[in-house]
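Visitor: Fold the following, please.
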Amino acid sequence: MEHMQDRIRLLYTGRSHKAQLFRYGLIAFDAVTILYFIATAAIQQTPLMNIINTLIGLLILADFAARIWIAPNRKKVLFQIYTVADLVVVASLLLAPLITDDLAFLRILRGLRLIHSYHLIRDLRRESRFFRLHEDAIYAAVNLFVFIFVTTSIVFVVAFEHRPGFPAYVDALYFTVATLTTTGFGDITMTTTTGKLLSVFIMVVGVALFVQLARAIFQPSRIRHKCPECGLTRHDPDAVHCKHCGELLKIETDGMGSG
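Guide: Numbers count the residues shown, from 1 in each chain. Sure thing, here's the model as predicted:
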């Protein structure tokens, strides 16, 4: 068992070509499942979709079990937000075929898979200098993306559940974007107290996320590297010394840059 555990750990953390291909495969799987849940949010469940959902749930569960098995601190991993979100998603996928009614809240639960995109970015940070260099802007974009589509799922359930089909989901997305940008066309509005409070929440949080994204895009790029002396974690991509304490830095590069 220890030999098997070491082999799995090397796949998740090693630097071999095989390990890199494995991790890129996980990244691709995460991206595809996220897109799948977005695309099927407003589609009536069919027996075929139940089979696909069950297979996806089992694969997510296998990935979760492997990460827990090799984790040096399992308790810490269990309480991370994307771990909790994945467990909720797995439960919604595996239990859905046993539920006779098409419960609307399952659409929201599966939208939580978007939270796993933060874990996806963490993996890409390790694999790609581009992601390390533009991490702030990418995180801000993901924050906005996750907020839009999780909120769209909630809006769809609250206000458009009586109108099945993809057009109704598009209307929910349209309302969400129009509200968070404070455009306010007024052709689709919330009439209930719950809906109005949800609109206020979308406007307040959405504007804050837009500002965060704009600031990350227009601010100079910084790369994440912890200074061994003072602990400063953000530096210029071509920094040789820490601007805070002057300590010599050894930031990993791909051989390109200022030359």
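
Visitor: What ranges in this protein fall below the confidence cut-off?
Guide: 42, 97-129, 132-133, 161, 163-165, 219-225, 231, 233-239, 244, 250-259 (pLDDT under 70).

Visitor: quick check: domain ranges of it?
Guide: Taking automatic domain parsing as the criterion, the chain consists of the domains 1-123, 134-221, 224-259.

Visitor: and stretch 59-67, how far out from the chain's middle?
Guide: 17 Å (C-alpha atoms, centre = their mean, to the nearest Å).

Visitor: where does V200 fall, phi/psi-wise?
Guide: Phi and psi for V200, reported as degrees, to the nearest 10, are phi -60, psi -40.

Visitor: quick one on the thing from earlier: dump the domains of the chain to JSON lines, plus mean neighbour count.
Guide: (Glycine included, C-beta is placed from N, CA and C.) JSON lines is the format used below for these (neighbours: other C-beta atoms under 10 Å):
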{"stretch": "domain 1-123", "mean neighbour count": "15"}
{"stretch": "domain 134-221", "mean neighbour count": "16"}
{"stretch": "domain 224-259", "mean neighbour count": "12"}
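
Visitor: Which secondary structure element is home to the residue nearest to R215 when sequence neighbours are not counted?
Guide: In this structure, R215 finds its nearest non-sequential neighbour in A140, 7.6 Å apart by C-beta to C-beta, 6 or more residues apart in numbering. Taking DSSP states H and E as the definition, one finds A140 inside helix 135-159.

Visitor: which other helices and strands contact that helix?
Guide: helix 105-111, helix 116-127, helix 166-180, helix 193-218 (3 or more C-beta pairs under 8 Å, 6 or more residues apart in numbering; DSSP states H and E).

Visitor: how about a cut-off of 6 Å?
Guide: The contact analysis (3 or more C-beta pairs under 6 Å, 6 or more residues apart in numbering; DSSP states H and E) places helix 135-159 against helix 105-111, helix 166-180, helix 193-218.
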